[in-house]
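Participant: Provided below are the primary sequence and the corresponding predicted coordinates.
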Amino acid sequence: ETRKHTMGNSKSKAQRKPSSIRLGKPEVEGFIETQERSGYRYMNCALVEVVAPPGEVEEVTQQPPEDDHSYGDDEHDELEDGGREEKYNTMLMINTVSFDAVGSVKNSQAPDPYIVVKCTSCPEQRYTSPVRRHHLADPVWAIRVPVLVRPNNDDVISIQVWDEDFWTPDDKVASLYLSTHRLVELHNEALKRNKKNNFLMIKGHIKTESGKKEIDVTITTEVQRWDKAYKVFGKESESHWDPYLRLLKTATQFTAAKFIDNGIVQATLIKPPTHFGKHIKTKKILNDRIELLAHDYEVPMKFSSTLFFKFLNALPFRATAKDSTFFVNRRQAEKHVQEVLGAVRGTLMATEGSWGNVASDQSFTRYAFSNNGSSFLFKTKDGYECRLQHMQKYETRGGFERYGSVSYFDVKGRPTSIDINGEVFKVGDAGWQWAKLQARTSMFVACSGVHLILAHYMWGSIPNVAMHKCLHTDHPVRRLLHPHYFRTSNTCLNSLDTLIPARGLVHRATAFEYPALLELFDDILADFKFQTFEEELKSRGHVDEDPNFPMRTDGVEYRHVLYKYVFTYLQLYYKSDQAIVEDEQLRAFVKYAAQYMEGLRVPATLKAAASILTEIIFRVTGYHQHVGNVNIAGTSPVMISDHLVKGQLLAARESSTILAVITALTAGMLNRLGAEQYPGLKENWSQVLLDREARKVLAQFQTDLTELGKKIDKRNKKRPYVFNDFNPEFCKISISS
């Protein structure tokens, strides 16, 4: 399913052999003209004639150089001036015109041109999306290609025009090759005349492979010189893409593209349930403590991804601290993560506003009180404690620090100290920044376990299996719960091959030894008890509303809105408490789920039944969104470092890459644009309900959700930071990612 062409070796529909590229010698003509664009002064100081007049043509018959990741002789590895070197970032912006001549037009279908850019030292080629018919008049592409320029290594940048074909291999239309050393020379000449200008325009034209047409091109390059205080930038920045990360990145890019291509998945497309009975096939995992549906009967699973990840999991990985490559500065780390997110087309949206400095004490408070730490935050008479000392018991791989700490906050929520296995760090201490990183990472890893094991497997799977086995497809409770399990089985089944296996995404992203990871999963299940959200909060001391703790305020109110909806809905079909007791299918449903969910009891009243069903819907919607919110953790290698090394304040490449991939694929959870992939809670799924009266109840529920969203928006204007995890505007209808 990857790109169908191979650079420098493609054949057209007619199986023609690519002709040699005719290149003219570059000619410097000085300043031709200047023009203002986007606040920059562009200088047309060089003209590259790619096809020169007769007599001046130079035949270039050889193919572009093979990938060469070497960076010179050993004597150049030790850089002068304290290990500093200059890195040139060359940004290419390709503008082509007269594109009506590209490719062949058949069956009234316009050609679909795109640009491919590659250079010797780049880790991979970059290509644009095709330009469709309505953009053919003057297509413009923007590709950022970082190129490391070394004195003894002249990179060749190839710019190729391709025509995308659906049924046959893509056609290479034309090619152009540029020397990085020549570009730098041209920039230096330009800078002698204007020291503030780093932009350079190159104009020319290239002949198509058929030799019948010419394409005018304008290339804008930019040179940026950054001092890097480390010696082996080339090795670290280019060769870190081991086979596992390369394949993972490519597969994730393809998957994300498919989500976009498939268009909007609306709740109106959810079909009523179709399967019921004891014959429903299931599978048990985690020492038989979790039962999953063996198939998603509404959204079939594609097994190609299963085979692919089984192959990925067999590949080796950097298991110890000695094998890992850590970022050396914040700019490098954040640039790398943004590159990964861009490659998988992650459509992240900052629903929580700006975090500012993610390493600050204010961000630490926010992470503990409203993000991944809130599930472990206890309120005490002296303030607050985020208790994660139990994480110290789980063994980590060689050289990595163990997770686990206790973070202390005063009554106003300001951090005062952090206890890491008996070693106490206070605000202002030399190790304070590392202690906060360790504490944030412990919060993230612990919450990720809760997200996967409890939200997905316990709340997302057990009631789903129970209703398929015990509730008829026309049972009112089955119709009530059905939309809130859309795609859930598919999501959980996928995780069996992607997340929890040895050498899977979770094992690789974290520092756990695999037996320790399984022990963590087992302990999470052992500690589980069926209780309402308010009961859970009270057990941690959160009895009353607390301005420092928005999770309680918004979460409890969201649950109240859900309860009103569920109770009103049940009243349509159960006229008394006795009707609840006499419903054999409902009783069988609760009994089946109670085999796995300790504390769950068969309801004897209408209110008790409404409370149970409310809790189930609450946990697979707003609660799942809250514990699964990795928006900031997955996009900042400064906030989280799953591979902890004492004193190291930035993440390792492998863990941050995997975390960014997971974040990008699940970005729809906290995204107003998430409807592109997953239905939202405020959408209309009335076609699933049994009658008109039930649809009226649903309509009132969605009105109540709108009012709740307005309340939360008003609260966010007064809060020190916004909190939208329980805002119905952003909630998804189910665990669909």
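Facilitator: Structure's in. What do you need?
Participant: distance of residue 542 from residue 722?
Facilitator: Relative to residue 722, residue 542 is positioned 20 Å away (CB to CB, to the nearest Å). Backbone N, C-alpha and C define where each C-beta goes, glycine included.
Participant: Next, residue 114: secondary structure please.
Facilitator: Under DSSP: H, G, I helix; E, B strand; the rest coil, residue 114 falls in the strand class.
Participant: Also residue 570?
Facilitator: With three-state DSSP as the criterion, residue 570 reads helix.
Participant: Could you list which residues are in contact with it?
Facilitator: 476-477, 480, 606, 609-610, 613 (CB atoms under 8 Å, 6 or more residues apart in numbering).
Participant: count of residues packed around residue 706?
Facilitator: The tally of other residues near residue 706 (other CB atoms under 10 Å) stands at 12.
Participant: actually residue 621, not the one I wrote
Facilitator: 21.
Participant: do the same with the one 5 residues further on
Facilitator: Other residues lying near residue 626 total 27 when counted by other CB under 10 Å.
Participant: Likewise for residue 414?
Facilitator: 16.
Participant: Let me know the helix or strand that the closest residue to it other than its chain neighbours is in.
Facilitator: Closest residue to residue 414 apart from its sequence neighbours, by CB to CB, 6 or more residues apart in numbering: residue 365 at 6.6 Å. Here residue 365, judged by DSSP states H and E, is contained in helix 361-370.
Participant: Please enumerate residues in contact with that helix?
Facilitator: Contacts for helix 361-370 (CB under 8 Å, 6+ apart): 352, 355-357, 373-374, 377, 384, 386, 407, 409, 413-415, 427, 436, 439-440, 443, 548-551, 632, 639, 720-721, 723, 725.
Participant: For residue 573, see how far away the closest residue to residue 569 other than its chain neighbours is.
Facilitator: Of all residues not flanking residue 569 in the chain, residue 697 sits nearest, at 5.0 Å (CB to CB, 6+ apart). Using CB to CB, one gets 11 Å for the distance from residue 697 to residue 573.
Participant: For the top helix by length along the chain, give the mean pLDDT please.
Facilitator: Longest helix of the chain, by residue count under DSSP state H: helix 692-718. Average pLDDT, helix 692-718: 94.
Participant: quick revisit: mind listing what's buried along the helix holding residue 365?
Facilitator: Within helix 361-370, the residues scored as buried using 16 or more other CB atoms under 10 Å are 362-370.
Participant: Mind telling me what element residue 424 is part of?
Facilitator: strand 423-426.
Participant: on that earlier part again, how close does the residue nearest to residue 414 sit to residue 390?
Facilitator: As judged by CB to CB, residue 365 and residue 390 stand 22 Å apart.
Participant: on that earlier part again, settle it for me: which of residue 697 and residue 573 has more neighbours?
Facilitator: residue 697 (21 against 18).
Participant: Contacts only, for the more buried one.
Facilitator: Here residue 697 is in contact with 565, 568-569, 572 (CB under 8 Å, 6+ apart).
Participant: circling back: state the distance from the residue nearest to residue 569 to residue 564.
Facilitator: Distance of residue 697 to residue 564, computed by CB to CB: 10 Å.
Participant: cool, and residue 428?
Facilitator: From residue 428 to residue 564 the distance is 49 Å (CB to CB).
Participant: can you check residue 536 too?
Facilitator: Applying CB to CB to residue 536 and residue 564 gives a distance of 20 Å.
Participant: Kindly report the same for residue 511.
Facilitator: 45 Å.
Participant: Which of these two has more residues huddled nearby?
Facilitator: Between residue 511 and residue 564, counted using other CB under 10 Å, the more crowded position is residue 511 (31 against 16).
Participant: who touches that one in this structure?
Facilitator: Residue 511 touches 396-397, 400-401, 403, 642-644, counting by CB under 8 Å, 6+ apart.
Participant: Measure how buried the nearest residue to residue 412 once chain neighbours are set aside is and give me the count.
Facilitator: Once flanking residues are discounted, residue 412 sits nearest to residue 548: 7.1 Å by CB to CB, 6+ apart. Residue 548 is flanked by 19 other residues according to other CB under 10 Å.
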